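>>> model this:
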Amino acid sequence: MKRKRKPLYRSKAPAYKDEYDPRLLLPVPRATHRREIGIGRALPFSGVDIWNAYELSWLDPGGKPRVAIGTIIFPAESPCLIESRSMKLYLNSFNQSRFASVDRVERTMRRDLRKACGSRVKVKITLPERFGQQALEELEGELIDGVDAKISIYTPDAALLSARGPVVEETLTSNLLKSNCPLTGQPDWASLQIRYRGMKISRSGLLRYIVSFRQHGDFHEHCVERIFTDVLRQCRPERLTVYARYTRRGGIDINPFRTNCGEASSPNRRTARQ
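Numbering: from 1, shown residues only. Got it, this is the predicted structure:
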């Protein structure tokens, strides 16, 4: 008698809801992380978190599906960020829900996300007839990934950063930023841009520092704020802007932008990896 083969994988499918439910959103207070890196109520930066949701769908009044790309912009000053998996579950809850218009979908999302994060948010829905206008653009600046560097530290270490010499104004980029989701352990990949005015930052030290996030578990927004704070304290630039474009996971990419010089956030253009 043949024995039954056991399945190679056993997994329990998550209980996705496909009918509208704003209770799925999970706010995460920003202050907890900020206290850990020495930031009090007076923030050393301003900025935004730009989210792009590529799996947005709902039903029109006649029951016909609509699809779109949703862009959501949270201010860095909001009391809470939104945990990304909860955002995916929330957006999935629109799938079998009927909405009278695109404007109604936008207003619903804006209301729910404002309530969850504790601040006003911007929501823009891009319909298929404008999909062709979605441009690809790499981050502007000098790519430092080719710098020769021996690396053995894979948890954040601000001591790797240094700057010296006369004041310069430049923009540096890297595609080697990787961190891990603090809830699932899944990898988060990003391209990073640092624009500053100050003493020249050591390329090799900066590269080692960026790679030191490789085994670090934290949210996208928290990683960018840690990078901003560490560069500001260790290198003491007069002006500093830090911007990361994370690759999408669960149909969503998150792109935190932080600056201390009032610089406007960069255009929301996807990189090739996104």
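
>>> What residues does the closest residue to Pro22 other than its chain neighbours make contact with?
Using C-beta to C-beta, 6 or more residues apart in numbering and skipping the chain neighbours, the partner closest in space to Pro22 is Asp112 (4.1 Å). Every C-beta, even on glycine, is put in place using the N, C-alpha and C of the backbone. Counting by C-beta atoms under 8 Å, 6 or more residues apart in numbering, Asp112 touches 22, 25, 90.

>>> ok, now how distant is the first one from Ile82?
I take that to be Pro22. According to C-beta to C-beta, to the nearest Å, Pro22 stands 11 Å off from Ile82.

>>> Separate out the buried members of the contacts of Asp112.
Buried subset of those (neighbour count, 16 or more other C-beta atoms under 10 Å): 25, 90.

>>> With pLDDT added, can I get the contacts of Asp112 in TSV?
Output for the contacts of Asp112, formatted as TSV (pLDDT from 0 to 100):
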residue	pLDDT
Pro22	97
Leu25	98
Tyr90	98
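
>>> hey, what's in contact with both of Pro22 and Ile82?
Going by C-beta under 8 Å, 6+ apart, residues that sit against Pro22 and also against Ile82 are Ala116.

>>> Nearest to Asp218, out of the contacts of Asp112: which one, please.
Nearest to Asp218 among these is Leu25, at 19.9 Å by C-beta to C-beta.

>>> All the helices of this protein, in order from the start?
With DSSP state H as the criterion, the chain has helices at 30-36, 84-92, 102-117, 203-211, 220-235.

>>> Isn't Gly38 up against Thr229?
Yes. Using C-beta atoms under 8 Å, Gly38 makes contact with Thr229 at a distance of 6.9 Å.

>>> Name the residue in the two with the higher neighbour count.
Per other C-beta atoms under 10 Å, whichever of Gly38 and Thr229 has more neighbours is Thr229, with 20 against 9.

>>> Can you name the residues in contact with stretch 262-273?
By C-beta under 8 Å, 6+ apart, stretch 262-273 touches 46-48, 50, 52, 71, 134-139, 175, 189, 191, 193, 195, 241, 243, 245, 247, 253, 255, 257.

>>> Filter these down to just the ones in strands.
46-48, 50, 52, 71, 175, 189, 191, 193, 195, 241, 243, 245, 253, 255, 257 (DSSP state E).

>>> Measure how buried the residue nearest to Glu106 when sequence neighbours are not counted is and give me the count.
Distances taken as C-beta to C-beta, 6+ apart place Val123 nearest to Glu106, at 5.0 Å, with adjacent residues excluded. By other C-beta under 10 Å, the residues close to Val123 number 20.

>>> what's the distance between the closest residue to Thr108 other than its chain neighbours and Asn92?
Counting by C-beta to C-beta, 6+ apart, Thr108 lies nearest to Phe99, which is 7.2 Å off, once chain neighbours are set aside. Distance, Phe99 to Asn92, by C-beta to C-beta: 15 Å.

>>> Before I go, just wanted to say thanks for your time.
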